[in-house]
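# Here you go, sequence then predicted model.
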There are 2 protein chains.
Amino acid sequence: MTITGKHLIAGKWCGTAEHGFTAFNAATHQAMATTFADASEEEVSRAIVSANQAFTSFSSLAPQKRAHFLRTIGEQIIALGDQLITTACAETGLPTMRIQGERGRTVGQLGLFADLLEQGEYPTTIELGDNTRQPLPKPDTRLGYLPLGVVGVFAASNFPLAFSTAGGDTASALAAGCPVVMKAHAAHPATAELVAKAILSAIEICELDPGVFSLIQGKNYAIATQIITHPFIKAVGFTGSERVGMILQQQIYQRPEPIPFYGELGSINPQFILPNKLNQQAEEIAQALVASLMMGQGQFCTSPGVWVVVAKESDEHYQRFINAAAQSISEQAAGVMLTPAMCHSYKQAVEARAAVNGVELIATGLSGREQDCSAALFATNFATYQQNESLQEELFGFSALIVRCDDIEQMLSLTNQLSGNLTASIHALDEDLSLAQQLAQPLVHKVGRLIYNQMPTGVEVCASMNHGGPFPASTNIRTTSVGSEAIKRFQRPICYQNMPPALLPNALQS
Amino acid sequence: MTITGKHLIAGKWCGTAEHGFTAFNAATHQAMATTFADASEEEVSRAIVSANQAFTSFSSLAPQKRAHFLRTIGEQIIALGDQLITTACAETGLPTMRIQGERGRTVGQLGLFADLLEQGEYPTTIELGDNTRQPLPKPDTRLGYLPLGVVGVFAASNFPLAFSTAGGDTASALAAGCPVVMKAHAAHPATAELVAKAILSAIEICELDPGVFSLIQGKNYAIATQIITHPFIKAVGFTGSERVGMILQQQIYQRPEPIPFYGELGSINPQFILPNKLNQQAEEIAQALVASLMMGQGQFCTSPGVWVVVAKESDEHYQRFINAAAQSISEQAAGVMLTPAMCHSYKQAVEARAAVNGVELIATGLSGREQDCSAALFATNFATYQQNESLQEELFGFSALIVRCDDIEQMLSLTNQLSGNLTASIHALDEDLSLAQQLAQPLVHKVGRLIYNQMPTGVEVCASMNHGGPFPASTNIRTTSVGSEAIKRFQRPICYQNMPPALLPNALQS
């Protein structure tokens, strides 16, 4: 399949790549062959207006038909075959197995929402009327849910499939009945084009209004501004850095009409290794943490960035832990980051961290070519951590910071001062249980997911998942971007009072 | 019980009324006897810090104990006896029956949330682990909900009990496990003090940390700014005008950490009277609309402000409708508005509307004393309505505007151009059903509650209620401020992964 470099706007491929941009091969840092169009104001506007027109029919499509559409998108993604895998691998530097797994997850997510729609789109609350009630009759009231309208979605750099063109935000918005205007990520535009082709095929198979999905290519920041400030846009989904996310948030604040902004931003995902665990399984836990850190070169939202232990520096088990972790890191192969820019930023951030007074670079991974990055493990103590705000911020990539607390009080104090996180893990033995309880009490209020004796990487896509959390993990603490609850971000309640059956949605019929 | 004019801050009555303010008797426009303190920065800060300290114990209080607290508040409100009724009536000008009813609703709301907590605080989703799953084991994941933290609540002018000190926002926040810092409304500070006394008694009876509820008196705008921008405040509830609500919203936007702002703002609550209904029941529907409009002198969020009909001006049934409505309005007694300022604003707004070209003042209610206001009924046509933005805005008080459309297309066009509303009603006979269906399709996307053949006033407090809607009805389309779903505004999801039972909340035990 030829990559055209064009946008998909309401069923038509359009745009001129003359003044466009190219993506880079993440492994070689060389520009790729295709030039991609940078969307014009008129093109973005056309996508949004078409989506808004499509809302009328799409919002009232039977849930079963929406389910069929989602499954068909999944089938068409699979039908793209190996080209999707090789393209995504080249654009992101992620290994084949990982991209294959991510494709499975993406298709699985579409299926999860399809299942949900088939089982009953939402829980229904029906309270029948009672004309005999005193002092006033009770009206018949029924609670239903409606889609919000057109949703703007921004693809993520680090998940070219599962958090991008047909990823979680798109799948949940379409499931809710909302048309999607998708801004592709400039780091993997060819992957986006392929997935958009799959979505277009599904639109044609299901005979839907083509305005229901548009893909906008571009590197121009004005595109983002136009999307999120457009009056027809009723919600925005974004996965990316805190810096970019907050720029978008500020622009959304300029709108006359407030709309929800679902930004999944940074997270350091603190790992607490309790004393008995450290004492008895220093090596095992060190190696497990390194393995989790290495996934996708640490470019996971849930990468374990800070490891907190309680020990004196001279403690033998602390030394065993440090040595095992350092040894393991030093054996890790160099790796390719998602983009040349991220490679550069990572190297700079590691250098900056190494220069912080009181922070020790205790191990680096194997070095590679100029275009490769190496893992880096740092250690510091509670006081230094507390005094340096930069240590409390996410360092995107396969670098972690061990924070040694002298005592439990320091660990609890660190917990109370944490910013919001997507996840935290408590690593403990049975003997640590009462301390774990003590720690969990403040820790739950800092995270979207609390984990016991498991690693934070590997987010289960299911009904009980929460992938969100207090700011800056998310701009909207009350929602998840992963799992079936994610659909709720794009629905809102409506009460139908005293409605005749002909005016009620099927789900709310008696 | 003596009214002291003080704040209640973490169990202590404090503040000096020396440079304070007085409330006004709504019926006489005379200043009331008590001077109320205007809170200082230090006092507001103390309330918020105490609330945040109370969060640790209150957020982990068993749901049954929170339910008991809510019921006890209700009992203590009843125990205030007639003083509460006479005080609220004097401060707001609302009649005794209405305030008695509102007290019942307030106590009922507290009981509704208590019931909810006793039946199971939230729906639980538990997905057990599966170590045999391929290619990866499935972790045990359980979805729970946590309170957000300290909630700032602003009392409403028009519901001194049900949307004020122990009203819906406070009840739902406390039910969720969130301490409340309440800013009393300067129009009914003595009512607020009495209700705060009831809450304090309940705190003492239930032996809770007194930081769980504070009442701040004041007229100084800086108090609001301090509350909503304080880092310990994690959500804000507000019921009031669009103008004030959007000032608060803009201030919340200045926070480094985004928090939810639940502003219930203006609404014109359009009433659509379909052709057969108009033809066959012109007089009945006119009288019913007037009766709904007159409730609380039109100072209800759900007051029917715009009545849309399809008719030629010369149509006999349109004339019957107009005449019946005008006749009914002209018989309505003059009434007292909530405050002298609102009385003034209402008179000004009626005058301004009467001056709009193409708008006819077809009837006014009986006139009264200088301090009274009279009902006012206007009529216009579709073109004039469409051209004048001011006609599409809420006119707070017992005034309505009849908008005559020449044909169905105009009515549908008007519907498509509507701003967001709390409610809309369709008034129809069986013969109107297919038109009702056609109208409902765009109309559902403009309202939080769609009503058939009933009036919008009288909001049922129940599980299937939605009191919210698209902006400017609400700043947060996804939530309701009335009914048991209102608790969700102050809770957020958390996923517990692989937790030992000792670290799980009771609700999530296997």
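All right, it came through fine.

# Alpha carbons of stretch A:8-15, as CSV, please.
The C-alpha coordinates for stretch A:8-15 follow below in CSV (Å, rounded to 0.1, in the frame of the first residue of the first chain):
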residue,chain,number,x,y,z
LEU,A,8,-8.2,11.8,5.4
ILE,A,9,-11.0,14.3,5.6
ALA,A,10,-14.5,12.9,5.6
GLY,A,11,-13.7,10.0,3.3
LYS,A,12,-11.4,11.9,0.9
TRP,A,13,-7.6,11.9,0.9
CYS,A,14,-6.4,15.4,0.4
GLY,A,15,-3.8,18.0,1.1
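
# Could you give me the buried positions within it?
Neighbour counts over stretch A:8-15 (16 or more other Cβ atoms under 10 Å in any protein chain shown) mark A:8-11, A:13-15 as buried. C-beta here means a position set from N, CA and C on the backbone, and glycine is covered the same way.

# in the stretch 351-500 of chain A, which spans are helices?
A:382-387, A:408-417, A:433-443 (DSSP state H, counting those that start in this stretch).

# closest to chain B out of the ones you listed?
Of all the helices of the stretch 351-500 of chain A, helix A:433-443 sits nearest to chain B, with 5.2 Å by Cβ to the nearest Cβ.

# Could you pull up the mean pLDDT of that closest one?
Across helix A:433-443, pLDDT averages out at 97.

# the inter-axis angle of it versus helix A:408-417?
30 degrees (axes from the mean of the first three to the mean of the last three Cα atoms, to 10 degrees).

# and the stretch 151-300 of chain A, which residues reach chain B?
With Cβ under 8 Å from any Cβ of the partner chain as the criterion, the stretch 151-300 of chain A meets chain B at residues A:249, A:253, A:257-258, A:260-261.

# and for the helix ranked longest in chain A, what are the contacting residues?
Ordering each helix of chain A by length in residues (DSSP state H) puts helix A:96-119 first. With Cβ atoms under 8 Å, 6 or more residues apart in numbering or on different chains as the test, helix A:96-119 has contacts from A:63-64, A:66-68, A:70-71, A:73-74, A:77-78, A:84-85, A:88-89, A:92, A:94, A:159-162, A:166-168, A:171-172, A:174-175, A:296, A:461-462, A:483-484, A:487.

# picking that back up, which pair of the residues of the stretch 151-300 of chain A next to chain B spans the longest distance?
Spatially, the most separated pair among these is A:Gln249 and A:Glu257, at 15.2 Å (Cβ to Cβ).

# what about these two, which has more around it?
Legend: neighbour count by other Cβ atoms under 10 Å in any protein chain shown for A:Gln249 and A:Glu257, higher for A:Gln249 (20 against 14).

# There's contact between that one and A:Phe261 in this structure, I believe.
Yes. If you go by Cβ atoms under 8 Å, A:Gln249 and A:Phe261 touch, sitting 5.5 Å apart.

# joint contacts of these two?
A:475, B:258.

# Which pLDDT does the model give the nearest residue to A:Arg489 once chain neighbours are set aside?
What sits nearest to A:Arg489 in space, not counting adjacent residues and going by Cβ to Cβ, 6 or more residues apart in numbering or on different chains, is A:Thr479, at 4.8 Å. A:Thr479 carries a pLDDT value of 97.

# re earlier: turn the buried residues of stretch A:8-15 into a markdown table, columns for pLDDT.
Shown next, in a markdown table, are those (pLDDT from 0 to 100):
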| residue | pLDDT |
| --- | --- |
| A:Leu8 | 98 |
| A:Ile9 | 98 |
| A:Ala10 | 97 |
| A:Gly11 | 98 |
| A:Trp13 | 98 |
| A:Cys14 | 96 |
| A:Gly15 | 94 |
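
# so which two of the residues you listed are the farthest from each other?
Taking Cβ to Cβ as the measure, those span a maximum distance of 14.0 Å, between A:Gly11 and A:Gly15.

# and A:Leu293, that's in a helix?
Yes. Counting by DSSP: H, G, I helix; E, B strand; the rest coil, A:Leu293 falls inside a helix.

# A:Leu136 touches B:Gly458, doesn't it?
Yes. Using Cβ under 8 Å, A:Leu136 is in contact with B:Gly458, at 6.8 Å.

# List the contacts of the spatially closest residue to A:Asp209 that is not a sequence neighbour.
Distance criterion Cβ to Cβ, 6+ apart; nearest residue to A:Asp209, sequence neighbours excluded, is A:Ala54 at 3.9 Å. Going by Cβ under 8 Å, 6+ apart, A:Ala54 touches A:10, A:179, A:208-212.

# I figured A:Tyr385 was touching A:Leu414, is that so?
Yes. Assessed by Cβ under 8 Å, A:Tyr385 is found in contact with A:Leu414 at 6.9 Å.

# More neighbours: these two, which one.
A:Tyr385 (24 against 20).

# Does the closest residue in space to the more buried one that isn't next to it in sequence have any beta-bridge partners, and if so which?
What sits nearest to A:Tyr385 in space, not counting adjacent residues and going by Cβ to Cβ, 6+ apart, is A:Val403, at 4.7 Å. On the basis of DSSP bridges, A:Val403 is bridged to A:Val308, A:Thr380.

# Look at the residue nearest to A:Asp209 and tell me its secondary structure.
helix.

# just checking, A:Arg142 is part of a strand?
Yes. Looking at A:Arg142 with three-state DSSP, it is inside a strand.

# Next, find the distance separating it from chain B.
Here the distance between A:Arg142 and chain B works out to 6 Å (Cβ to the nearest Cβ, to the nearest Å).

# Can you tell me how far that residue is from A:Ala62?
Distance from A:Arg142 to A:Ala62, counting by Cβ to Cβ, to the nearest Å: 18 Å.

# ok, and the closest non-adjacent residue to the spatially most central residue of chain A?
Nearest to the geometric centre of chain A sits A:Thr239, at 4.8 Å (Cα atoms, centre = their mean). Among residues not flanking A:Thr239 along the chain, A:Ala156 sits closest, at 3.8 Å (Cβ to Cβ, 6+ apart).

# about what we covered before: could the helices of the stretch 351-500 of chain A go into CSV alongside distance to A:Leu361?
As requested, the helices of the stretch 351-500 of chain A are arranged in CSV below (distance: least, Cβ to Cβ, whole Å):
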stretch, distance to A:Leu361
helix A:382-387, 13
helix A:408-417, 21
helix A:433-443, 28
